[in-house]
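K.L.:
I would like the atomic coordinates for the input below:
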Amino acid sequence: MSLGAHLVELRKRLLISVIALVVAMVVAFLVTEPIIHLLTEPIRVVSASRGDEDLVTLMFSTVTSGFELRIRISVAVGLILSAPVWLAQVWLFVMPGLTRKETQYTWAFFGSAIPLFFAGTYVGWLLMPHVVELMASFVPEDAGLFYDSTYYYDFILKLLLVIGVSFVLPVFLVLLNVAGVMSGKAILKGWRVAVLVITVFTAIATPAADVVSMLMLAGIMIVLYFAAVGVALLFDRRRAKRERQLLADGPPA
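P.N.:
The predicted model follows:
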C-alpha cells in the first residue's frame, strides 16, 4: 500500500473507533446512576459507622460538578465497552504488516494481557472500600467528612488503573523473553530487585496504614512475576531443544 492508502485506511479505522466510543459513552451515560451508587458504597459504610449521614457525604462544589462527574464516568466506561471494537480496528490496521510469527505473538499478548488487566481492576475494586474506610478512620469523630466528587472519582479510577496495569507487566517480561531480549534465567536472577520494586510500588499504590492491602497486592504481583519466570524458562528450554535438534540434523543438503 502507498502512503496515501495507509492514511485512508487509518482514517477509516479511527472513524469506526470514534463512532463506537461515542455510542458506548451514550450508553454509559444512561447507567451512570447505578455506577455512582457502586462507587459511593464505601462512603455509606463510613457514614453508617459514624452514625450521622450529614457528616459523611459526597460533595459537589460547583454548579456543573454533577454533570462533569457523569461525563468522566461515561468516558471511562465507554472506553471499556467499546474496547472490542477499537482493539479490533488497531489489529486490522497493523495485521497486514506483521509476519506470521509476529501475529501469533500479538494474539498471545492480547489473549493474556486483557484478562490480567480486568483481574487487576477487580482486585483494585475489592481493595477500594477498605482503603476508603481505613483513611476515614483517621478523621476525628466529631468532624465532618465531605468527599469532593472530582477528587474521589479520580482516586478510585487511578487506583483501579494502576493495579490493572501492574497485573499486565509480567506479560511484557514474557514478550521480552520471546523476542530474545532477556532469558528466563536473567529474569529469575533479578528476583530480589523485582520483589523490592513490587513492594515499593504496592506501598505507593495503597495507603501507608493499610498494610493488609499492601501485602495482599504485593503477594499477587510476586506470584505473577514468578509465573512469568516459569513461562520464560519453559520457552528457553523449548528453544534450546530446537537448536540442539537443528545441530544434530546438520546443514541441509
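K.L.:
helix, strand or coil for residue 138?
P.N.:
Here residue 138 is recorded as coil under DSSP: H, G, I helix; E, B strand; the rest coil.
K.L.:
do residue 58 as well
P.N.:
Taking three-state DSSP, the label given to residue 58 is strand.
K.L.:
Isn't it up against residue 151?
P.N.:
No: assessed by Cβ atoms under 8 Å, residue 58 is found out of contact with residue 151, at 10.4 Å. From N, CA and C alone the C-beta is placed, and that goes for glycine too.
K.L.:
Roughly how far does the nearest residue in space to residue 230 that is not next to it in sequence sit from residue 60?
P.N.:
Leaving out its chain neighbours, the residue that sits closest to residue 230 by Cβ to Cβ, 6 or more residues apart in numbering is residue 184, at 8.0 Å. Relative to residue 60, residue 184 is positioned 52 Å away (Cβ to Cβ, to the nearest Å).
K.L.:
where exactly do the strands run in this protein?
P.N.:
56-59, 145-148 (DSSP state E).
K.L.:
Please list all residues in contact with residue 11.
P.N.:
With Cβ atoms under 8 Å, 6 or more residues apart in numbering as the criterion, no residue contacts residue 11.
K.L.:
and it, how far is that from residue 4?
P.N.:
In terms of Cβ to Cβ, residue 11 sits 11 Å off from residue 4.
K.L.:
Any regions of the chain where pLDDT drops low?
P.N.:
1-3, 52-54, 97-98, 101-102, 179, 205-210, 249-253 (pLDDT under 70).
K.L.:
quick one, longest helix in it?
P.N.:
If you go by DSSP state H, the chain has its longest helix at helix 211-249.
K.L.:
Please identify the buried residues of that one?
P.N.:
Within helix 211-249, the residues that count as buried by 16 or more other Cβ atoms under 10 Å are 213-214, 216-218, 220-222, 224-226, 228-229, 231-233, 235-236.
K.L.:
thinking again about what came up before, I'd guessed the residue nearest to residue 230 sits against residue 233; true?
P.N.:
Yes: Residue 184 is in contact with residue 233 according to Cβ under 8 Å; the separation is 3.6 Å.
K.L.:
Would you point out which residue is most central in the protein?
P.N.:
residue 164 (2.5 Å; Cα atoms, centre = their mean).
K.L.:
Return the residues in contact with it.
P.N.:
117-118, 120-121, 124.
K.L.:
Run through the residues that contact the residue lying closest to residue 47 once chain neighbours are set aside.
P.N.:
Spatially, and ignoring its direct neighbours in sequence, residue 47 is nearest to residue 56 (3.9 Å; Cβ to Cβ, 6+ apart). By Cβ under 8 Å, 6+ apart, the contact set of residue 56 is 43, 46-47, 50, 136, 144-146.
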